[in-house]
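> Sequence and predicted model, in that order:
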Amino acid sequence: MNLIDRWKFFILLLAVALAFSLVGCLDDIRYNMPCRIPQDIEEHKLLGIWQLKYHNYINPDSESAKITGTETLILLSNGTYIQVFDGPGYVQIGPVHEWKLITDEGDGPKLAMTDLRYYANGVEWVDGPLLLRPQKSDLLRYKQIYPLPSEGQAKLTVKYPEDGFVYLYPRYCLGKLVLLQMVSGFVDPDDLTVHNPVFSKLGE
């Protein structure tokens with residue numbers, strides 16, 4: 001093997017090692033810019049299986065809790081969904097609940113997910129209580145449109161589980177349709193990146 005071939009082999013090994021290291025921390029990567037809000041969205045685009053993976057995930061709003069596992073949402077055309085969480089020593093298959101697409105409250109399209117369990121803060125907080133908010137960039141965009149609270153019509157915070165639902169926000173991140181989670185706790189007012197976890201549709 002000559003010197004050029006050795007360098008090529010070394011670069012290939014380095015690329016493989018980097019790829020494996022990225023796989024381990026994919027759920028820690030954040031989109032470094034706000035995601036695009038769809039002007040309108042057809043309901044059929046939301047149907048199907050949505051999934052996200054946690055790998056020793058530390059919620060930036062709840063750094064005392066780590067979570068590992070796969071969360072799956074199956075959105076059905078009859079307005080119902082099933083939620084499944086599969087993690088080490090903890091598997092939860094939820095009953096059938098209702099979901100509804102809301103497009104007329106001024107904060108972009110969102111899904112009201114009745115009785116959605118919130119896993120992003122760790123299994124020990126899955127039943128709350130939590131105060132959930134939209135992603136910071138979405139919240140700021142809404143407040144720019146409606147500077148006074150009385151002018152807006154959207155519900156911007158969710159008391160979990162008292163309100164009985166959680167919002168998911170369909171957004172285009174890097175050209176791909178995803179469902180953004182709400183976030184809990186304190187969010188840095190200067191941090192406009194999109195926080196994981198983010199649901200991606202299987203097969204797309």
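Cool, got the structure.

> Every contact and neighbour count from this point should use C-alpha atoms.
Noted.

> Do a quick rundown of the helices in this structure.
Assigned by DSSP state H, the chain shows helices spanning 3-24, 136-145.

> which stretch in those helices has the least confidence?
Ranked by mean pLDDT, the helices of the chain end with helix 3-24 at the bottom, a mean of 40.

> Not counting residues beside it along the chain, what's closest to Val178?
Excluding the flanking residues, the one nearest Val178 by CA to CA, 6 or more residues apart in numbering is Ser200, at 5.1 Å.

> burial count for that neighbour?
For Ser200, the number of neighbouring residues by other CA atoms under 10 Å comes to 19.

> Grab the most central residue of this structure for me.
The chain has Val198 as the residue nearest its centroid, 2.7 Å off, counting by CA atoms, centre = their mean.

> So what sits opposite it in the bridge?
Beta bridges link Val198 to Leu180, judged by DSSP bridges.

> Pretty sure Met182 is one of the things it touches, is it not?
No. Using CA atoms under 8 Å, Val198 is not in contact with Met182; the gap is 9.6 Å.

> Which residue ranges of this structure form strands?
48-58, 66-75, 80-87, 90-93, 97-102, 110-114, 130-133, 158-160, 165-173, 176-180, 183-184, 198-201 (DSSP state E).
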